[in-house]
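*Asks:* Fold the following.
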Amino acid sequence: MLHGLSKTGRVLATVLSTVLAAAAPARAEFNGYIATGIQGGNPNFTDSGTGVFGRLGYDFSHSLDAAGGTLDLFAGGVVQGSGREDRAINETQALREAYAEYQAGSFMLGAGRRVHVQGVADGFIPTDAVSPRNFRFAVYEEQGNRFGSDGIWGTLFLGSDVTVSAYAHTNARSSVLPQGIYPGALSLPDKPVEGGGRAYGGRISWAAGFGDLGISLHSGPANLPYLSAAGTGVQPVVPHLFMVGADFDLVRGAWRFYGEAALHEYKSGSFAVPDALLPEDELQAVLGAERELAGTSRLAAQLFFRDLRTARSTGAGPLAPLAAGVRTVYGQHEDRQTGSSLSYTWESGDTRRSAEATVSSWFEDDLYVRLRGKYRLGAQSVIYLYADWLEGPAGSPYGTLEESSNIGLEYRIFF
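*Replies:* From the prediction side, this is the model:
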């Protein structure tokens with residue numbers, strides 16, 4: 001089945017083209033924005049100072065009735081230019097998504113490049129193990145730094161209560177991490193690391209009478225890259241990740257309660273990774289509650305938990321610097337970690353203005369503050385303000401990332 005995945009994608013594309021040729025008149029839309037702004041600080045540690053940027057975002061969608069169903073075509077991306085190095089950003093974001101989806105009756109089938117987001121939590125999402133991120137691309141949107149992977153996927157709707165979905169990605173690309181996150185003089189590449197294996201997974205969800213329940217599975221290259229020993233040097237690698245998780249989401253009046261937990265197990269996969277340089281197997285969990293307040297405001301709180309299930313690396317010997325890099329990238333500094341977050345969002349009654357503030361902490365002395373603000377000047381123009389501030393002691397996740405704190409002001413004209 002592995003060797004036939006690419007062939008399956010070509011067959012599906014041929015079928016969709018045939019359907020398209022016999023389709024009814026289409027409904028097409030093209031929209032996006034042109035933006036300019038200024039940013040101080042940078043997610044990429046090796047850049048500094050203040051920079052002015054220009055940005056073009058676009059979305060193209062094409063929907064038509066075909067063969068008793070609906071065929072949707074979509075393409076979207078972001079291109080940025082500034083006085084800084086934007087090659088790593090544009091390589092992943094210029095064509096974030098380009099796919100076709102056909103839905104008829106109780107099933108949906110898709111192929112192409114897409115961003116796959118799953119899970120019910122906010123920020124720390126144990127079951128969200130699929131789509132990578134470009135962490136050098138700081139934007140207002142919560143999911144704006146994600147980029148897509150190529151593959152096929154499908155969904156089957158079993159009545160009104162049960163949904164079964166599955167995916168298979170032909171190229172598993174890693175996230176792009178900030179230069180400077182690695183200890184010592186070592187550095188990670190400017191582009192995603194291509195995982196040697198394909199990724200498979202799926203989810204079963206059930207709309208029960210008391211709330212929504214879900215079970216997720218994923219097997220394939222992880223999306224966090226690091227450096228491993230390769231002869232007398234090092235090479236960027238991604239381990240193989242197996243994830244199994246469960247989640248729930250329920251609403252009671254003005255309250256929403258949700259949670260999820262997942263077991264992550266790592267193996268060497270297609271790369272020759274020494275056991276001492278594998279991330280530790282771990283159990284991750286999050287529990288959250290939201291409350292709608294007066295008007296259009298909302299208050300939310302989350303509790304995090306992470307427990308390492310293995311102890312592969314002692315941190316000693318010739319592999320110690322590389323092992324320290326693995327712990328930094330995966331945030332596995334302690335055998336057991338707990339944390340919490342508190343967020344508040346507000347929007348004016350006319351939707352012209354909105355604001356969001358989130359405070360999160362993993363350890364006693366570390367802190368992450370996320371601020372977002374939006375002001376709509378008119379029907380087609382908006383001003384965005386965003387800031388990320390991180391600090392903490394050496395060895396903590398936010399302490400490692402504190403030099404990536406940044407603030408940005410952006411003006412967009414939509415078309």
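*Asks:* I figured residue 338 was touching residue 303, is that so?
*Replies:* Yes: Residue 338 is within contact range of residue 303, at 7.4 Å (criterion: C-beta atoms under 8 Å). All C-beta spots, glycine's among them, are computed from the backbone N, C-alpha and C.
*Asks:* what about the protein, any weak spots by pLDDT?
*Replies:* For the chain, the stretches flagged by pLDDT under 70 are 1-26, 45-49, 84-85, 313-316, 364, 395.
*Asks:* Okay, strands next: where are they in the stretch 151-300 of the chain?
*Replies:* Applying DSSP state E, counting those that start in this stretch to the stretch 151-300 of the chain gives strands spanning 162-173, 194-195, 199-208, 211-221, 226-230, 233-237, 240-252, 255-267, 282-292, 298-308.
*Asks:* what do you get for the stretch 301-415 of the chain?
*Replies:* Using DSSP E, counting those that start in this stretch, the strands found in the stretch 301-415 of the chain span residues 336-347, 353-361, 367-376, 381-391, 406-414.
*Asks:* Contacts only, for the closest residue to residue 288 other than its chain neighbours.
*Replies:* Nearest-residue entry for residue 288: residue 302, 4.1 Å, with adjacent residues in sequence omitted and distances by C-beta to C-beta, 6 or more residues apart in numbering. By C-beta atoms under 8 Å, 6 or more residues apart in numbering, the contact set of residue 302 is 121, 122, 123, 124, 286, 287, 288, 340, 341, 342.
*Asks:* Selection in PyMOL covering whichever of these are buried, please.
*Replies:* Per 16 or more other C-beta atoms under 10 Å, the buried members of these correspond to this PyMOL selection:
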select buried, resi 121+122+123+124+286+287+288+341
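*Asks:* Switch the contacts of residue 302 over to a markdown table; also include distance to residue 230.
*Replies:* Shown next, in a markdown table, are these (distance: C-beta to C-beta, whole Å):
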| residue | distance to residue 230 |
| --- | --- |
| 121 | 36 |
| 122 | 38 |
| 123 | 34 |
| 124 | 32 |
| 286 | 36 |
| 287 | 41 |
| 288 | 41 |
| 340 | 40 |
| 341 | 38 |
| 342 | 43 |
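*Asks:* ok, so of the contacts of residue 302, who is nearest residue 358?
*Replies:* Nearest to residue 358 among those is residue 341, at 6.1 Å by C-beta to C-beta.
*Asks:* what about that closest one, distance to residue 284?
*Replies:* 14 Å (C-beta to C-beta, to the nearest Å).
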